[in-house]
Every structure is written in C-alpha cells, then in structure tokens.
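Engineer: Just the structure for this:
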Amino acid sequence: MDNLLEILAEIPDPEIPVINIVELGIVREARMIAEDEVEVVITPTYSACPAMFNIEEDIIKLFREKGLSAKVITKISPIWTTDWMTDEAREKLRVYGITPPEKGADKDHLNVPKKCPRCGSANSTQISRFGSTLCKASYQCNDCLEPFDYFKCH
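Structural biologist: Okay, here's the model as predicted:
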C-alpha cells in the first residue's frame, strides 16, 4: 500500500494545490485488487465537496498512465475529520496563508482563537463563515489587518 500512497501523493488537492490528497487525509485505503487493478477509497472533506469528482478523475487518469485501472469508492462514514490531515499538510497550509486547524480542535473549534498565518496573532475576527471554498472560513487579523482563510474543523 505504501507505494500506492506514494503514487496518490502525486495528486494535488484541486482547491488547495500546495497539499496532496494523501496529506489531506481523504485517501482512506488503496490496494491492489487484481494484477492490473487498484481500488482506492476516498472520503470527501464535505459531503457536497465539488472537488471530489475531479479527484476521482485524477486518480483514474494517474493509474491509467501507470498501466493500471483504478476503481474509486467514495465512503462518507465515518465522516472526514481535520485530524486525518498530516502535520506536513498543516504546515504547508500555514505557509500558503491558510490557518490550519489544530489536532483535536473539532471538539471546541468555534471557541479556538484563529491565529494569523502571517504574523501569528490570535487576535482575529471572523468575516464570513464561508471562505473561498466550503471547507474554509474568512478571518481578518486585528493586529496586521491581513485577511486570511481558516481551514474549518469537523
């Protein structure tokens, strides 16, 4: 499976291209089901995530390029959680300008201060519950005044 995950790590998230689908934690399982066929189980970050169709197509295309066919199964239970993101993905998000959620923050995420990815201040205000995508909210730092996205917990 490790080799399959390395292959799948070549696929960037369509909405946040600095992280890949393995780092994001949406790849639940990848296994060979025949000599030339792979089965990949994915879970969307949100049930209505518009990027899932693109991700499924990207998986099929990538394995086809490697001489394999791919069967993609979408499972929505258990629901995806930001705790499935790797630490590397969290750091890449921060550097990219998106405040990543802390592990375990989903228990009280509404009351957790959102740190500005630019100056590190936790003195921020929510501008909008939804950001550029469903999985993010818009904030503004009250110290450096920069707007930023927060990757929502769930």
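Engineer: Distance check, Glu15 against Arg94.
Structural biologist: Counting by C-beta to C-beta, to the nearest Å, the gap from Glu15 to Arg94 is 17 Å. Just so you know, the C-beta spots here come from the backbone N, C-alpha and C atoms, and that holds for glycine as well.
Engineer: Over to Cys144?
Structural biologist: Relative to Arg94, and taking C-beta to C-beta, Cys144 is found at 15 Å.
Engineer: More neighbours: which of these two?
Structural biologist: Neighbour count, other C-beta atoms under 10 Å: between Cys144 and Arg94, Arg94 has more, with 18 against 14.
Engineer: so where is this protein shaky, pLDDT-wise?
Structural biologist: The chain contains residues with pLDDT under 70 at 1-2, 104-112, 154.
Engineer: Which residue ranges of it form helices?
Structural biologist: For the chain, applying DSSP state H gives helices covering 2-8, 21-24, 52-65, 87-96.
Engineer: Let me know which of those is tucked in deepest.
Structural biologist: helix 21-24 (a mean of 22; mean count of other C-beta atoms under 10 Å).
Engineer: Can you list the neighbours in contact with it?
Structural biologist: Here helix 21-24 makes contact (C-beta atoms under 8 Å, 6 or more residues apart in numbering) with 5, 8-9, 11-13, 16, 27, 42, 45, 55, 58-59, 84-86, 88-89, 92.
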